[in-house]
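[1] Got a sequence here, can you build the structure:
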Amino acid sequence: MTSEKGPFLENSKHIFSSYEKFVIAILALLQFTVVLDFMVLSPLGAILMPKLSISTSQFGLVVSAYAFSAGASGICAAGFADKFDRKKMLLFFYVGFVCGTFFCGMVSSYMLLLCARIITGIFGGVIGSISFAIITDTFSMQVRGRVMGVVQMAFAASQVLGIPVGLFLATHFNWHAPFIMIAVVALLVGVVIALKLKPVKEHLKGRHDKNAFIHLWHTASNPFYVRGFAATMLLATGGFMIMPFSTAFLVDNVLIPETQLSEIFFITGIASIITGPYLGKQADKFGKYRLFVFGSIISMIMVMIYTHLGPNPVWVVILTNIVLYTGISSRMISSSALISGVPEIKDRGAYMGINSSIQQVSGGIASFVAGLIIFQPEKNAPLQHFDTVGYVAACSMLITLGMMFVINRQVSRKLHVVNA
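    As a prediction, this is how the structure comes out:
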């Protein structure tokens with residue numbers, strides 16, 4: 001295992017300024033709204049499929065539509081990502097995301113929902129890459145694990161506050177309500193960003209004007225960058241294959257009542273919020289790749305257990321979820337911090353845009369393929385072949401261990417040269 005000394009050691013003396021704390025907090029809130037928009041659709045699967053009379057493959061396509069459009073949009077925007085103030089880019093796409101989410105809350109048919117998800121994906125898919133570019137421009141590698149640990153809490157917060165509330169609104173009002181809630185929260189976050197976030201222009205200093213498509217091509221064809229893109233392709237597979245069908249699996253196979261789903265996600269999310277910052281500190285202190293190995297091993301074991309669950313009490317499902325999401329959080333935090341060290345400052349926007357697009361498209365393909373693998377013979381019948389999806393996800397996690405080893409070694413060498 002490659003040593004992570006020198007530039008990888010935690011800067012324990014670093015104290016975040018009040019503005020740095022604001023940047024971390026507002027980007028975490030922004031990620032919360034974007035992630036929630038995607039994640040809220042997964043637990044609504046058990047409600048949406050019978051309400052709209054759609055099959056598992058059609059629901060998989062609704063989930064994938066966001067990812068595919070996000071991927072296409074990210075590629076188109078990547079060439080321009082390093083030519084403008086990152087704050088202006090962020091606000092432009094965030095406004096579009098808010099409008100798309102509101103549209104999701106207004107539709108009433110499968111085709112309109114599909115169109116709404118495409119529109120939301122076009123704008124929402126670029127936001128994550130811009131956010132991570134801002135983080136990389138603002139914070140050094142020595143503390144980036146801590147920052148990623150807090151920002152990645154958005155996933156946990158979306159479970160604690162979003163998914164239970166979303167399920168509550170959907171079951172007590174209708175399935176449109178969660179999207180309206182997200183649009184309102186996102187609008188407020190957007191206003192704060194417009195008023196308080198400073199311009200991010202460091203990447204514009206001393207760079208020559210370059211055709212956006214040439215810049216895109218040079219970034220996409222860089223051999224060092226390609227290795228990061230390849231790792232990202234597989235990093236998205238596990239979650240995107242399992243999550244969209246997790247609630248339907250719990251209801252129809254594990255026999256958990258719909259009314260208890262929010263309880264499961266709430267407790268799991270609380271545990272993830274507690275462990276997220278701690279895992280981020282460990283990534284900086286003991287090594288990002290070491291944490292990635294730990295998270296991958298835990299995730300592989302728990303994915304196999306989770307996808308083979310039969311009827312079980314709620315406490316067993318909660319315990320399984322907590323351990324599984326601890327493993328997934330470890331992988332997300334460590335891989336995000338490591339991959340952020342791959343691009344040069346002049347290429348960060350383009351690199352993050354391409355990387356985000358690859359993640360979205362790969363996730364979309366994974367969701368769609370999972371929808372084809374999983375089969376439900378009739379309404380409320382147990383899902384078939386969910387265990388097969390678990391095998392595929394575990395294999396992808398195993399392969400990424402080797403791929404991230406190579407990236408860790410290359411980033412370590414790069415930082416040693418810079419700090420020499």
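[2] Show me what secondary structure element comes after the lowest-mean-pLDDT helix or strand in the chain.
    One helix or strand of the chain scores below all others by mean pLDDT, DSSP states H and E: helix 153-157, with a mean of 71. Sequence order places helix 163-172 as the next helix or strand after helix 153-157, per DSSP states H and E.
[3] Not counting that next one itself, show me its contacts.
    36, 39-40, 43-44, 47, 177-178, 181, 258-259, 261-263, 265-266, 269 (CB atoms under 8 Å, 6 or more residues apart in numbering). No exception for glycine: its C-beta is placed from N, CA and C like everyone else's.
[4] Mind checking which of these are in strands?
    Among the contacts of helix 163-172, the subset assigned to strands under DSSP state E is empty.
[5] Take the residues you listed and, keeping just the buried ones, write it as a PyMOL select command.
    Buried members of the contacts of helix 163-172, defined by 16 or more other CB atoms under 10 Å, are picked up in PyMOL with:
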select buried, resi 36+39+40+43+44+47+177+178+181+261+262+263+265+266+269
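[6] Just the pLDDT for Thr2.
    In this model, Thr2 is scored at 40, pLDDT.
[7] Check Pro43 too.
    Model confidence at Pro43, given as pLDDT, is 66.
[8] Likewise for the one 4 residues further on?
    At Ile47, the pLDDT value in this model is 75.
[9] just Ala70 next, same as before
    Reported pLDDT for Ala70: 79.
[10] Repeat that for Ala212.
    pLDDT at Ala212 comes out at 65.
[11] show me where the stretch 251-400 of the chain has helices.
    Along the stretch 251-400 of the chain, the segments classed as helices by DSSP state H, counting those that start in this stretch run 261-286, 288-306, 314-339, 348-373, 386-419.
[12] tell me what the longest one is packed against?
    Helices and strands touching helix 386-419, as assessed by 3 or more CB pairs under 8 Å, 6 or more residues apart in numbering; DSSP states H and E, comprise helix 223-235, helix 237-242, helix 288-306, helix 314-339, helix 348-373.
[13] Okay, now the unreliable bits of the stretch 151-300 of the chain?
    155-156, 159-163, 203-212, 238-239 (pLDDT under 70).
[14] whoops, I mixed them up, the stretch 301-420 of the chain
    Looking at the stretch 301-420 of the chain by pLDDT under 70, you get 415-420.
[15] Could you pull up the contacting residues of Met403?
    With CB under 8 Å, 6+ apart, Met403 has these contacts: Arg227, Ala230, Ala231, Leu234.
[16] let's see it at 6 Å
    Applying CB atoms under 6 Å, 6 or more residues apart in numbering to Met403 gives the contacts Ala231.
[17] Look up how far Thr320 lies from it.
    According to CB to CB, to the nearest Å, Met403 and Thr320 sit 27 Å apart.
[18] Next: Ala72.
    36 Å.
[19] Equivalent analysis for His172, please.
    The gap separating His172 from Thr320 is 27 Å, by CB to CB.
[20] roughly how far is stretch 381-398 from the heart of the chain?
    Relative to its chain's centre, stretch 381-398 lies at 20 Å (CA atoms, centre = their mean, to the nearest Å).
[21] Please name the spatially closest residue to Ala236 (chain neighbours excluded).
    Spatial nearest neighbour of Ala236, chain neighbours left out: Gly363 (4.0 Å); criterion: CB to CB, 6 or more residues apart in numbering.
[22] And Gly149, by the same measure?
    Gly149 sits nearest to Gly280 (CB to CB, 6+ apart), 1.7 Å away.
[23] Lys201 too?
    Setting aside the residues directly before and after it, Lys201 is nearest to Asp85 in space (CB to CB, 6+ apart), at 5.2 Å.
[24] ok so, going back, could you dump the helices and strands packed on helix 386-419 into CSV with mean neighbour count added?
    CSV is the format used below for the helices and strands packed on helix 386-419 (neighbours: other CB atoms under 10 Å):
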stretch, mean neighbour count
helix 223-235, 19
helix 237-242, 26
helix 288-306, 21
helix 314-339, 22
helix 348-373, 25
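[25] Looking at those helices, spot the one closest to Ala116.
    Nearest to Ala116 among those is helix 348-373 (15.8 Å), distances taken as CB to CB.
[26] Give me the angle between that closest one and helix 223-235.
    30 degrees (axes from the mean of the first three to the mean of the last three CA atoms, to 10 degrees).
[27] gap between helix 348-373 and the chain center?
    10 Å.
[28] Can you add distance to Ile135 and give the helices of the stretch 251-400 of the chain back as JSON lines?
    Shown next, in JSON lines, are the helices of the stretch 251-400 of the chain (distance: least, CB to CB, whole Å):
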{"stretch": "helix 261-286", "distance to Ile135": "12"}
{"stretch": "helix 288-306", "distance to Ile135": "15"}
{"stretch": "helix 314-339", "distance to Ile135": "9"}
{"stretch": "helix 348-373", "distance to Ile135": "10"}
{"stretch": "helix 386-419", "distance to Ile135": "16"}
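[29] Ile242: which of those is closest?
    Among the helices of the stretch 251-400 of the chain, helix 386-419 sits nearest to Ile242 (CB to CB), with 5.9 Å.
[30] Of all the residues in the closest one, which ones are buried?
    386, 389-390, 392-394, 396-397, 400, 403-405, 407-408, 410-412, 414-415.
[31] quick one: that helix to helix 223-235, angle?
    Interaxial angle, helix 386-419 versus helix 223-235 (the same axes, to 10 degrees): 150 degrees.
[32] so how far is helix 386-419 from its chain's centroid?
    With CA atoms, centre = their mean, you get 16 Å for helix 386-419.
[33] between that helix and helix 314-339, how many degrees?
    Helix 386-419 runs at 30 degrees relative to helix 314-339, counting by the same axes, to 10 degrees.
[34] relative to helix 288-306, how tilted is helix 386-419?
    Using the same axes, to 10 degrees: helix 386-419 against helix 288-306 is 180 degrees.
[35] For stretch 111-119, which residues meet the burial criterion?
    Leu113, Leu114, Cys115, Ala116, Arg117, Ile118, Ile119.
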